[in-house]
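Student: Any chance you can model this:
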Amino acid sequence: MTLLNKPLAHEAVEDSNTSNNIEFQTIINRRMHRRHILKGGTGLTAAAFFGALPLVGCSDDDDDSISRLPSDDDQAALPAQGSLKRPDTLKFTAVAHSTADTMSVAEGYQAEIILPLGTPLMSGIADWKDNREQSAESFEWRMGDNHDGMWFFGKKGNNYDAKASKNGLLVMNHEYVNSSELSPFGYHVISDNNAAPIYQNRRLASDVRREVNCHGVAVVEMTRRADGMGYEMVKDSKYNRRITSSTPAQLTGPVAGSDLVKTKFDPTGFQTRGINNNCGAGLSPWGTYLTTEENFLGVFARGQDAEQLSAGHNYGRERYGAGENFPGWEYLWHTPYAKDEIIADEFARWDMTATGADATEDYRNGFNTFGYITEIDPFDRHSAPQKRTALGRFAHENCAYAPVESGKPVVFYMGDDARGEYIYKFVSKARWSNADIGGGLKAGDKYLNEGTLYVAVFHEDGRGEWRPLVHGQNGLDATNAELPFAGQDEVLVFARAAADALGATKMDRPEWVSVSPMTGEVYVTLTNNKYRGEREDQPLSAANPRSYEARGKSRGNDNGHIIRWAEAGGDHAATRFEWDIYLFAAPSELAAENLSQLNKNNDLSSPDGLYFDPRGVLWIQTDDGAYTDTSSCMLLAALPGQVNDGAPTTTSAGQQTRVGMTASDDNIKRFFVGPEGCEVTGITMTPDFKTLFINIQHPGNTWGAVAGGSTPRSATVMITREDGDVILAESFT
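Tutor: Numbering: from 1, shown residues only. Below you'll find the predicted structure:
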């Protein structure tokens, strides 16, 4: 997910990976492949090219029957992941392309807008009006802007219950605020050319406070309606809560207490203020919410202070996009003028310039306290968000865990959403116990504060490996030339630079991750990359094999793809894997680039959101700007196979790779199309499979506006079957 329109541009994707970490053998392999192609050969055989690592065990497929899915009785047991029989074909009628200002959903379904921007969560807060009357402070109790990743937490009494569907907590991210073209708040800027460069444009304190409160997370109690169709908010619920960019948060794990995170606000380095730019999300196996901090760079500014920092720490900042005299992405949160010192400090924390004698006298390290997976217990309204630093600091898109097994580590997968960045996984030191389900943040302390962070290397032959980001290993020590690492805290705070040193594979914007409950294989959307094959530091590779000109665009990977892998021996803690490209996104008209053979019923561009439901159906969402003249962003349902179910192929750029089985109307179809100008994102399903929630960001028209209003609003969409049956019931017959 990225920011929309000037000044918060939709294309504002942070790009700071100029490392040249292409392995020598990779270069040789690429030259050999191209030479063979020029001679007219078809490349290596599948066996020679991709080898034969053991696959993750698949579920038994002998019985063609399926028991009826759970009813709305909360006592009905939720089937264990992998135990449901996935359908062989998708039987709904595909939704056509659309660029209308309305949304469309598959026949037999209904889609309803709920919880739009500004919706009050408590009584005493005025209803949304299509003007600027909503105070900044009121957004501490309103739905924020640009709804994103979310999860439905079943609730029984006062406790989390993974089987419950009648009542639950819908928890969702608010990623950012819309720009002046769409914002109901305006974007008033005061110019002062006599000020320091990063302060020449200043904003009103009230406007900045409003935007700060529009970021973060919302917790909303939902209850099933009396007619059994969908849900409504429980207004004034004791669980309703907003966590914003001003809410105090705890730093936990190896970075907590480090000199790298000590600030004027907390000289001890154990606390910070706010969670920010929360994008995708995840669930923990014990039942807490894992939110992610993605484009946190955009809200910070940095002046001229290089002489006060070490060369290594200057490089560390630049590796995250924060060079000297960096003004931020025009949020300008650091600029409001105020005579009161307390108010000034409220905004000064967004300025990372080193001005004091040490870090406890300014906010030079405030930047280092953002960019983490953050755990929230939605059932404990008094608990503080916990930033889990052991999982590394980068532009986290989402966080997905592998199926847990008693006595084995818990494994989480994550992507760093920027062009040329990396894919990571975290393996806990603690071993899983079912007794920790419902254990809240204490369980998080157990599994998320100690473990090993790895980064992925995708080899040209279809194999891959995980390399550990551990201080003292593989050059991650004080001898590193670009950024000396004094301890594990520095490895984690500057995880990108550590991954550079390990030779990680640069990917085409790794976004959402999801793990198949049927095969255990891991899927990651690689949304797009305009630099692929165009910049010397981002050449073609088997894992990122396309660079092409299409539809008036310059060369690069404009439409994106989805990569997947199977861990060796089916062990998610393994350090070896086998991979292929499940799906190449492309308009169906682009024959040379349409390597998955998509048609008008299932073609797509820029895959982004990704979610396996417990039945093994893969839901794919798009955040696109390359195909929107034909169709707005969309949601598709898919039935993937497994790694190596396709064949070797060669892209139009001459790069050999491997693509999964051919797409067809049986195994992938368009289920929903959003309104013009939007992004379709965030997805969760109730345990009884009867309600699907998705989110719509930045609609480009009056979608979501109040009656008679003109301001579009991001909102949640609630999808149900018209007959009240489970989602995709027609395929599970």
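Student: Verify the stated contact: residue 496 with residue 424.
Tutor: No. Using Cβ atoms under 8 Å as the test, residue 496 is too far from residue 424 to be in contact (10.2 Å). C-beta: built from backbone N, CA, C; applies to glycine.
Student: Now for these two: what residues contact both?
Tutor: Listed as contacting both residue 496 and residue 424 by Cβ atoms under 8 Å, 6 or more residues apart in numbering are 394, 416.
Student: The nearest residue to residue 127 once chain neighbours are set aside: neighbour count?
Tutor: Nearest residue to residue 127, sequence neighbours excluded (Cβ to Cβ, 6 or more residues apart in numbering): residue 120, at 6.5 Å. Residues contacting residue 120 under the criterion other Cβ atoms under 10 Å number 20.
Student: what sits up against whichever strand or helix holds residue 455?
Tutor: Assessed by DSSP states H and E, residue 455 sits inside strand 451-458. Outside strand 451-458, the residues that touch it by Cβ under 8 Å, 6+ apart are 23, 390-392, 409, 422-430, 464-470, 492, 495, 498-499, 502-505, 507, 541-543, 563, 575, 579.
Student: tell me the average confidence for that strand?
Tutor: For strand 451-458, mean pLDDT is 98.
Student: Would you mind extracting the C-alpha trace of the next helix or strand after it into CSV?
Tutor: Counting by DSSP H and E, the next helix or strand C-terminal to strand 451-458 is strand 463-468. C-alpha atoms of strand 463-468 as CSV (Å, rounded to 0.1, in the frame of the first residue of the first chain):
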residue,chain,number,x,y,z
ARG,A,463,16.1,-23.3,-4.7
GLY,A,464,16.4,-20.8,-1.9
GLU,A,465,17.9,-20.3,1.5
TRP,A,466,17.3,-18.3,4.6
ARG,A,467,20.3,-16.4,6.0
PRO,A,468,20.3,-15.4,9.7
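Student: residues contacting residue 253?
Tutor: Contacts of residue 253 (Cβ under 8 Å, 6+ apart): 388-391, 448-450, 492.
Student: Now restrict these to buried residues only.
Tutor: 388-391, 448-449, 492 (16 or more other Cβ atoms under 10 Å).
Student: Nearest to residue 164, out of these: which one, please.
Tutor: residue 448 (24.8 Å; Cβ to Cβ).
Student: how about the nearest residue to that closest one, chain neighbours excluded?
Tutor: Per Cβ to Cβ, 6+ apart, closest to residue 448 is residue 388, 4.2 Å.
Student: Quick check: buried residues in the strand holding residue 455?
Tutor: 451-458.
Student: For the stretch 51-200 of the chain, just list every one of the strands.
Tutor: Here the stretch 51-200 of the chain has its strands, by DSSP state E, counting those that start in this stretch, at 104-105, 109-114, 147-156, 159-160, 167-174, 189-191.
Student: Turn the contacts of residue 253 into CSV, columns for distance to residue 677 and secondary structure.
Tutor: Converted to CSV, the contacts of residue 253 look like this (distance: Cβ to Cβ, whole Å; DSSP: H, G, I helix; E, B strand; the rest coil):
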residue, distance to residue 677, secondary structure
388, 35, strand
389, 37, helix
390, 39, helix
391, 34, helix
448, 37, helix
449, 42, coil
450, 44, coil
492, 38, helix
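Student: Which positions within stretch 197-208 qualify as buried?
Tutor: 198-205, 207-208.
Student: again but with stretch 156-168, I slipped
Tutor: So, applying 16+ other Cβ under 10 Å, buried residues of stretch 156-168: 160-168.
Student: Tell me the one of those nearest residue 373?
Tutor: residue 160 (19.2 Å).
Student: quick one: that closest one and residue 153 touch, right?
Tutor: Yes. Using Cβ under 8 Å, residue 160 is in contact with residue 153, at 5.7 Å.
Student: Quick check: neighbours shared by these two?
Tutor: Counting by Cβ under 8 Å, 6+ apart, the residues touching both residue 160 and residue 153 are 287, 379.
Student: which residues are contacting stretch 293-300?
Tutor: 1-3, 8, 12-14, 175-176, 245, 275-280, 320-322, 326, 328-329, 331, 333-334, 350-352, 366-367, 370-374, 395-397, 417.
Student: let's see it at 7 Å
Tutor: With Cβ atoms under 7 Å, 6 or more residues apart in numbering as the test, stretch 293-300 has contacts from 1-3, 12, 14, 275-279, 320-322, 328-329, 331, 333, 350, 352, 367, 370-372, 374, 395-397, 417.
Student: and that stretch, how far from the chain's centre?
Tutor: 13 Å (Cα atoms, centre = their mean, to the nearest Å).
Student: Tell me the span between the first and last residue of it.
Tutor: From its first residue to its last, stretch 293-300 covers 13 Å (Cα to Cα, to the nearest Å).
Student: same deal with stretch 613-623?
Tutor: 20 Å.
Student: model confidence over it, on average?
Tutor: The model assigns stretch 613-623 a mean pLDDT of 97.
Student: What confidence value was assigned to the spatially most central residue of the chain?
Tutor: Computing the C-alpha centroid of the chain and ranking residues by Cα atoms, centre = their mean puts residue 397 first, at 2.4 Å. As predicted, residue 397 sits at a pLDDT of 95.
Student: for residue 6, same thing?
Tutor: pLDDT, residue 6: 34.
Student: quick one: the helices in the stretch 301-450 of the chain?
Tutor: 311-318, 341-348, 440-448 (DSSP state H, counting those that start in this stretch).
Student: Kindly apply the preceding question to the chain instead.
Tutor: For the chain, the helices defined by DSSP state H cover 24-38, 46-50, 205-214, 311-318, 341-348, 440-448, 488-493, 495-501.
Student: chain center to stretch 124-139: distance?
Tutor: 29 Å.
Student: Please read the previous query as pertaining to stretch 154-166.
Tutor: Computed by Cα atoms, centre = their mean, the chain-centroid distance of stretch 154-166 equals 26 Å.
Student: quick one: average pLDDT of that stretch?
Tutor: Stretch 154-166 comes out at a mean pLDDT of 95.
Student: which residues are in contact with stretch 261-270?
Tutor: 250-251, 255-258, 272-273, 349, 359-363, 365-366, 368-369.
Student: out of those, which are buried?
Tutor: 250-251, 255-256, 258, 272-273, 349, 359-360, 362-363, 365-366, 368-369.
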